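Could you work out the structure for the sequence below:
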Amino acid sequence: MGKHHPFPKLLPLLLASLPVVAPLACGNKTSEAPAGGAGFPSGIFGGSAGVVQPAVAGTSALGSAGVGSPPLDVCLNVPRGTRALIDDFEDGDSLAVPEPDREAYWFTIKDSSAGSIDPDSNFLPVPGGAHASARAAHIKASGFTVWGAAFAANISHLAGGIRCPYNATQFSGLRFFARGSGEIRVELLIPEVVDRQFGGKCDPGAGDVCYDTHGVSILLSPEWKAYSFPWQAFVQRNYGLQAAFRPEAIMSLQFSFETAGLPVDVWFDDVSFEDGSPVPPLGTSGEGGAGGVPGSGAGDAGADNGGVPSFGGQEGT
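This next block holds a predicted model:
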């Protein structure tokens, strides 16, 4: 069925290390991936720093719906999210900023080849952020040869015991600060492109090629830069099942480090949905280190981390 997705099936490895703690939503119960099937390094199925969160957008593992069952209606018309900020990393942990209709956490994942990613587990923000902040995320990846690695966050809404995708229609897109070296792909996953047995609607058994995700690629700059992408910027690469992007059904946010773009050394800060509010200026505090943005204050972490003082870098899970 056309071009295959370049990412191998990583999900069984991730799921094998995680206990089942909550039901899925809008798909089928989690099971072993089909042999020989194409897959992807999904932020939907990871764990981080002892935090475990179930796959989203599938059927309930505790209810009557089973493998082969249609999506549950509870995942339709979920409430619109209202808080734009996903994470500024200032809390120093792997949990993203919560709101009543959204839970998310950060982690890193990688393929099985002899590459390297730092952090390899236990993601925590580190000093060196983009402006007047103390921390950010900092990830390094190199040497992977299968599909690469990724830094990701589950995004879900709990409704009647079922985890459903997040409704981001209150916002017009995604924005964040980043700097570093290498090329990355920013992806937002919706149920239509995710294998149904892992919580989505794509059906390999019917000939569908899954995980042609909606995303946009960026070439990193050594200095902090603000990025803002409207929903229409997130497009597929036309090798798999085609689906219109739906901001009302976002399963996860993923910063992918694909083999062709490696090595990467990237910092992220102030990851947010685009709500039209003013973008915080750079260099408002501290004195930038190598590759950082000069500021106006004394600063502390920029010189050591190559970032903006008093703002933060980080590692992953």
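
What segments of the stretch 1-150 of the chain are strands?
47-48, 51-52, 85-87, 106-110, 116-118, 126-127, 135-142, 148-154 (DSSP state E, counting those that start in this stretch).

Reformat these as JSON lines; add mean neighbour count and mean pLDDT.
C-beta: built from backbone N, CA, C; applies to glycine. Formatted as JSON lines, the strands of the stretch 1-150 of the chain follow (neighbours: other Cβ atoms under 10 Å; pLDDT from 0 to 100):
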{"stretch": "strand 47-48", "mean neighbour count": "23", "mean pLDDT": "31"}
{"stretch": "strand 51-52", "mean neighbour count": "16", "mean pLDDT": "36"}
{"stretch": "strand 85-87", "mean neighbour count": "21", "mean pLDDT": "95"}
{"stretch": "strand 106-110", "mean neighbour count": "27", "mean pLDDT": "94"}
{"stretch": "strand 116-118", "mean neighbour count": "17", "mean pLDDT": "96"}
{"stretch": "strand 126-127", "mean neighbour count": "22", "mean pLDDT": "94"}
{"stretch": "strand 135-142", "mean neighbour count": "26", "mean pLDDT": "96"}
{"stretch": "strand 148-154", "mean neighbour count": "29", "mean pLDDT": "94"}
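
Out of the ones you listed, flag the one nearest V74.
Across those, the minimum distance to V74, taken as Cβ to Cβ, is reached by strand 148-154, at 18.0 Å.

Each with direction, which strands does the closest one pair with?
Sheet pairing of strand 148-154 (DSSP bridges) gives strand 106-110 (antiparallel), strand 252-258 (antiparallel).

what about those, which gets the closest to G161?
Of all these, strand 252-258 sits nearest to G161, with 20.2 Å by Cβ to Cβ.

Quick check: mean pLDDT of that closest one?
Here strand 252-258 scores 96 as its mean pLDDT.

Kindly calculate the angle that it makes with strand 135-142.
With axes from the mean of the first three to the mean of the last three Cα atoms, to 10 degrees defining the directions, strand 252-258 sits at 40 degrees from strand 135-142.

now the stretch 101-250 of the chain, which segments are flagged as low pLDDT?
Applying pLDDT under 70 to the stretch 101-250 of the chain picks out residues 132.

and G160, how many residues sit next to it?
Other residues near G160 come to 12 when the count uses other Cβ atoms under 10 Å.

Any idea how many residues pack against the residue nearest to it when sequence neighbours are not counted?
Leaving aside its sequence neighbours, G160 sits nearest to V74 (Cβ to Cβ, 6 or more residues apart in numbering; 5.0 Å). Using other Cβ under 10 Å, V74 has 18 neighbouring residues.

Kindly report the same for E90.
Applying other Cβ under 10 Å, we find 17 residues neighbouring E90.

Roughly how far does it sit from P100?
According to Cβ to Cβ, to the nearest Å, E90 and P100 sit 21 Å apart.

With F107 instead?
Taking Cβ to Cβ, one finds F107 at 23 Å from P100.

Helices along this protein, start to end?
With DSSP state H as the criterion, the chain has helices at 11-16, 302-305.

Can you report how many residues neighbour T145?
Around T145 there are 12 residues (other Cβ under 10 Å).

Okay, now the sheet partners of the strand ranked longest in the chain, with direction.
Determined from DSSP state E, the single longest strand within the chain is strand 264-274. Using DSSP bridges, the strands paired with strand 264-274 in its sheet are strand 85-87 (antiparallel), strand 135-142 (antiparallel), strand 173-181 (antiparallel).

okay, these in a markdown table with distance to L282 next?
A markdown table is the format used below for the strands paired with strand 264-274 (distance: least, Cβ to Cβ, whole Å):
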| stretch | distance to L282 |
| --- | --- |
| strand 85-87 | 18 |
| strand 135-142 | 12 |
| strand 173-181 | 8 |
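
my read: V264 touches I218, true?
No - counting by Cβ atoms under 8 Å, V264 stays clear of I218, with 10.9 Å between them.

what residues are shared contacts of those two?
With contacts taken as Cβ atoms under 8 Å, 6 or more residues apart in numbering, V264 and I218 have 183-184 as neighbours in common.

Please identify which of the two sits among more neighbours.
Higher neighbour count among V264 and I218: V264, with 23 against 18, using other Cβ under 10 Å.

ok, the more buried one - contacts?
When contacts are counted by Cβ under 8 Å, 6+ apart, V264 touches 139-142, 180-184, 220, 257.

List the contacts of the nearest residue to L253 once chain neighbours are set aside.
Using Cβ to Cβ, 6+ apart and skipping residues adjacent in sequence, the residue nearest L253 is A153, 5.0 Å away. For A153, the contact set (Cβ under 8 Å, 6+ apart) comprises 43, 86-87, 96, 104-107, 252-254.

Having no further points to raise, I will conclude here.
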